[in-house]
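Visitor: With the sequence up front, the predicted model follows.
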Amino acid sequence: MTIWLTILGMVMVTLAVRAIPLLAMRGELPGWLGRWLGYVPVAVFTALALRPLAVTSGDVPQLAAGAPLAAGVVGALVAWRTGNTLATIIAGIAAYWVLRLLT
C-alpha cells in the first residue's frame, strides 16, 4: 500500500509542477521568456551528453581522451556546420566505429 501511495504522490507532484505554470500563463508567453526557454533543450542535452563523453567513470573522475570524446567532437563539428541532426548522428557513430577499429 505504501508503494501505491508513493506513486500517487509522485504523480500529483509531477502534475502540479507541469499544470500550475500552464494555468498561470494561459495564452502567449512573453517574448523574453520564449527566447529563454528556447535554450533549455540545448542545455539539457549538453549536460546529459558531455559527461559520459569527456569523463571516465571511477572513484576520481578523469578526462577521457578516447574514441567517445573524439566521436563527440566530430559530431559537434558536423552539427555546427550543417545543423542537420541525422547527419550529426551518422557522423558521430561512424567516427566512433572507425576510431574503435583503429585502436
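Guide: Structure's in. What do you need? Numbers count the residues shown, from 1 in each chain.

Visitor: Need the residue closest to the centroid of this protein.
Guide: Centroid check for the chain by CA atoms, centre = their mean gives residue 45 as the closest residue, at 1.9 Å.

Visitor: helix or strand for it, which one?
Guide: Using DSSP states H and E, residue 45 sits within helix 40-54.

Visitor: name the helices or strands packed onto that helix?
Guide: helix 67-82 (3 or more CB pairs under 8 Å, 6 or more residues apart in numbering; DSSP states H and E). Every residue, glycine included, has its C-beta placed from N, CA and C.

Visitor: In the helix it packs on, which residues are buried?
Guide: 67, 68, 69, 70, 71, 72, 74, 75, 76, 78, 79 (16 or more other CB atoms under 10 Å).

Visitor: Relative to the whole chain's centre, how far out is whichever helix or strand comes after it?
Guide: Heading C-terminal from helix 67-82, the first helix or strand you meet, by DSSP H and E, is helix 85-102. How far helix 85-102 lies from its chain's middle: 18 Å, per CA atoms, centre = their mean, to the nearest Å.

Visitor: who's in contact with helix 85-102?
Guide: The contact list for helix 85-102, computed with CB atoms under 8 Å, 6 or more residues apart in numbering, reads 66, 67, 68, 70, 71, 72, 74, 75, 78, 79, 82.

Visitor: Residue 22 versus the closest residue to the first one other than its chain neighbours, what's the distance?
Guide: Spelled out, that is residue 66. Nearest residue to residue 66, sequence neighbours excluded (CB to CB, 6 or more residues apart in numbering): residue 103, at 7.3 Å. Distance of residue 103 to residue 22, given as CB to CB, to the nearest Å: 49 Å.

Visitor: Next: residue 11.
Guide: 17 Å.
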